[in-house]
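Enquirer: Quick check, what structure comes out for this input:
(chains A, B, C and D)
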Number of protein chains: 2
Amino acid sequence: MTASPPSDNGSAKDRPDHLLSPAERRIPAAVIKRLSLYARALQNLERDKVEKVSSTELARALGLNSAQVRKDLATFGQFGVPGFGYPVADLRKQVRQILGTDREIHVALVGVGHLGTALLSYAGFRRQGFRIVCAFDKEAKGGHVGEEQVPVYDVEELEARLAEHAITFAILTVSVDAAQSIANRLVAGGVTAILNFVPVRLQLPAQVTVHYVDLALEMESLSYYAR
Amino acid sequence: MTASPPSDNGSAKDRPDHLLSPAERRIPAAVIKRLSLYARALQNLERDKVEKVSSTELARALGLNSAQVRKDLATFGQFGVPGFGYPVADLRKQVRQILGTDREIHVALVGVGHLGTALLSYAGFRRQGFRIVCAFDKEAKGGHVGEEQVPVYDVEELEARLAEHAITFAILTVSVDAAQSIANRLVAGGVTAILNFVPVRLQLPAQVTVHYVDLALEMESLSYYAR
DNA sequence: TAGATTGTTAATCGATTAACAATC
DNA sequence: TAGATTGTTAATCGATTAACAATC
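Expert: Numbers count the residues shown, from 1 in each chain, chains lettered A, B, ... in the order given. The predicted model follows:
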């Protein structure tokens, strides 16, 4: 809400790269996806005490092209050493910094049904530094759910609790009917990234990023190959 | 294992289109993904008693380009009527036929942990015609799980039960350590399509199609935009 | 220095979109 | 017939890959 100097206020296309927000820089989504793939591979390499890795090795492990690996990484800086490769620990730190996964990320989950409940106990999230700090349901019993004992609030409290925990990241596992209205409230409450499991196209302002995980859709397209 | 006549035995590139299996025809995966999107939209239109739809309407509803809709559909035949559009019920039938979702599809699920259990009760699968008919776990209690009361067998019984139910479609929700070995057994047991929730790159023969749903990876790439 | 591997440019490939004749 | 919309070709766009000079 703070007014910025008029001279800084041009459209994203006018401003130099380093003044743009991640969403504005328009790095292809595919590059960001692969970046998290690299982060995962580097995590394993670091665990295995490997100190350097070449673009060729990384590419082979992930089923990609080595030029693509180099190009992806070069988008964000010069992380490699010619003739040597990439220092694993260093590169991992950089990649996590770019992704924003170099710190614990607090997440809200809305819709504590079968799927929501499972996600509240999903170890993979914790392993990558995500922590679901509060959950919401329209029939909240007021208790705590899952192995992490996440508090479940009534959706009534959505705005208040989001503010309290300064949350910008949410997982949506409500019903089809509720999805759009809950999504609106999440965004009004400051959420800018949503992992949406509800099979509905959400209409939201452009600065909000939604990733769709449509399980039934995955099954349908897989079905084409199951013969 | 049956020998086929040498003359029928050329590489996929040599044979005419109609003699190829879905996987061999090499329709871009993106087209197949959108095809299931169309199926979903057509389902809603049919429910709402809409009788015809134009490529423009379909495109707008799904956030696509109308030329893309027409091109995608034209890949599989001439389903539209110039000057009129596409007959909803008819097109839906065709699309479902192409995807293979025009009948109930029997599915096996391996790994009855938090996520697996949730999927056993996931209504979205039933709604689209998928039925999980058996589940496997390394510590099977022998009972039935979920709202659908799916029988849970010990993984020991994997091959036997797959054969019994003639299953070609599986959902994989086991641990990272078990994933590759279970996947191998699934394939040996006749499975050709796997929806894999385990964050591991599976090494499988080319005729098997694996779709990866990597929830932590989705979170990581989303994290880039949550600022 | 010789060998290896990066960062980057140019070439290729494939997918999306525009345009329009054919058709109802 | 006039109007609308398909199926399809050609143009555009963007992403992937090959190639190689620069660098350690």
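Enquirer: Is it correct that A:Asp154 is in contact with A:Lys138?
Expert: Yes. Taking contacts as CB atoms under 8 Å, A:Asp154 lies within contact range of A:Lys138: 7.2 Å. For every residue, glycine as well, the C-beta is placed using N, CA and C.
Enquirer: joint contacts of those two?
Expert: Residues touching both A:Asp154 and A:Lys138 by CB atoms under 8 Å, 6 or more residues apart in numbering or on different chains: none at all.
Enquirer: which residue does chain A bring closest to DNA strand D?
Expert: With CB to the nearest atom of the strand, the shortest gap between chain A and DNA strand D falls at A:Gly83, namely 2.5 Å.
Enquirer: and chain A, what are its domains?
Expert: With automatic domain parsing serving as the domain definition, the record reports that chain A contains domains spanning A:23-99, A:105-219.
Enquirer: so which of those domains gets nearest DNA strand C?
Expert: Checking the domains of chain A against DNA strand C by CB to the nearest atom of the strand gives domain A:23-99 as the closest, at 2.7 Å.
Enquirer: Average the pLDDT values over that closest one and round to the nearest integer.
Expert: For domain A:23-99, the per-residue pLDDT values average out at 96.
Enquirer: hmm, back to that, what sits against the residue of chain A closest to DNA strand D?
Expert: Applying CB under 8 Å, 6+ apart, no residues contact A:Gly83.
Enquirer: try the one 10 residues further on
Expert: With contact taken as CB under 8 Å, 6+ apart, A:Lys93 is in contact with A:Asp102.
Enquirer: Check which helix or strand it maps to.
Expert: helix A:88-99 (DSSP states H and E).
Enquirer: List the buried residues for that helix?
Expert: Neighbour-count burial for helix A:88-99, with 16 or more other CB atoms under 10 Å in any protein chain shown as criterion, is recorded at A:88, A:91-92, A:94-96, A:98-99.
Enquirer: ok, the residue of chain A closest to DNA strand D to A:Leu45 distance?
Expert: Using CB to CB, to the nearest Å, A:Gly83 is found at 19 Å from A:Leu45.
Enquirer: And A:Gly85, by the same measure?
Expert: Counting by CB to CB, the gap from A:Gly85 to A:Leu45 is 11 Å.
Enquirer: do the same with A:Glu164
Expert: When CB to CB is the yardstick, A:Glu164 and A:Leu45 sit 39 Å from each other.
Enquirer: related to what we said a few turns ago, point out the most buried one among the domains of chain A.
Expert: Sort the domains of chain A by mean neighbour count, taking mean count of other CB atoms under 10 Å in any protein chain shown, and domain A:105-219 sits at the top with a mean of 18.
Enquirer: Is that domain in proximity to chain B?
Expert: Yes. Domain A:105-219 lies in contact with chain B when judged by CB under 8 Å from any CB of the partner chain; the contacting residues are A:105, A:107, A:114-115, A:117-119, A:121-122, A:124-125, A:127-128, A:130, A:168-169, A:192-195, A:199, A:201, A:209, A:211, A:213, A:215-219.
Enquirer: from the chain's centre, how far out does that domain sit?
Expert: Its chain's C-alpha centre lies 13 Å from the corresponding centre of domain A:105-219 when counted by CA atoms, centre = their mean, to the nearest Å.
Enquirer: Quick one: end-to-end length of that domain, please.
Expert: Criterion CA to CA, to the nearest Å; first-to-last residue distance in domain A:105-219 is 30 Å.
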